[in-house]
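# Fold the stuff below for me.
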Amino acid sequence: MAPLGPFEPAPHLAVAVSGGADSMALALLARDWTRARGGRITALVVDHGLRAASAGEAACTRDRLAMLGIPARLFTLQGLGHGPALAARARAARYAVLEAACAKASILHLLLAHHAADQAETVAMRLLDRSGPAGLAGMAALVEAGRVRRLRPLLPVPPGRLRATLHAAGIAWVEDPSNAD
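Take a look at the predicted model:
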């Protein structure tokens, strides 16, 4: 986290939590990091409403976070619908909700759980799309987005380490079948 600072004393951070292994590990690590500094986190869970099981998974994620002592807010997106550019539309809607929640709670930092494999996938996809140098740089670890700083502290971390962290702590996670597509 240090390279992504500075942070205010006793920071209050938001963590985007899908319920998957990556974001659950980030929530756990961020909880411990902020507590050591007299701060706290708030988890933000977004249900895109695109699969029948998503509402139950989001509620389960909120309950798991509560058992870890992490307060969570659950948001349900309306009207996304399947069709062209679904992933891009869902991402834009998710960021809008997350950033609005941060602004409403006066939270300056939004943590996102992108990791080393996500970064490699992003660069590979951009290479295939013939992106220029800016696109091939991959995802930035820090993005100033209006009144919120989007932070990706896990970019150098392989996903296996995140799963190992959860296994060691006895924490379960949700496997979203759409990730395999």
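# With Ala140 as the reference, measure out to the residue of the chain positioned farthest from its centre.
The outermost residue of the chain relative to its centre, with distances by Cα atoms, centre = their mean, is Arg130 at 27.0 Å. Arg130 sits 20 Å away from Ala140, going by Cβ to Cβ, to the nearest Å. To be clear about C-beta, it is placed using only N, CA and C from the backbone, and glycine gets the same treatment.
# Same check on Val46?
Counting by Cβ to Cβ - Val46 and Ala140 are separated by 21 Å.
# Spit out the contact partners of the nearest residue to Glu8 once chain neighbours are set aside.
Nearest residue to Glu8, sequence neighbours excluded (Cβ to Cβ, 6 or more residues apart in numbering): Leu108, at 7.1 Å. Residues near Leu108 by Cβ atoms under 8 Å, 6 or more residues apart in numbering: 8, 102, 147-149.
# And the average pLDDT for the longest strand along the chain is what?
In the chain, taking DSSP state E as the definition, the longest strand is strand 40-47. For strand 40-47, mean pLDDT is 97.
# Could I get the CA-only coordinates of that strand as PDB?
Only the C-alpha atoms of strand 40-47 are listed here, as PDB (Å, rounded to 0.1, in the frame of the first residue of the first chain):
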ATOM      1  CA  ARG A  40     -11.200   1.000   8.800                       C
ATOM      2  CA  ILE A  41     -12.600  -0.300   5.500                       C
ATOM      3  CA  THR A  42     -16.100  -0.400   4.000                       C
ATOM      4  CA  ALA A  43     -16.700  -3.200   1.500                       C
ATOM      5  CA  LEU A  44     -18.900  -2.300  -1.500                       C
ATOM      6  CA  VAL A  45     -20.600  -5.300  -3.100                       C
ATOM      7  CA  VAL A  46     -22.300  -4.800  -6.500                       C
ATOM      8  CA  ASP A  47     -24.900  -7.300  -7.800                       C
END
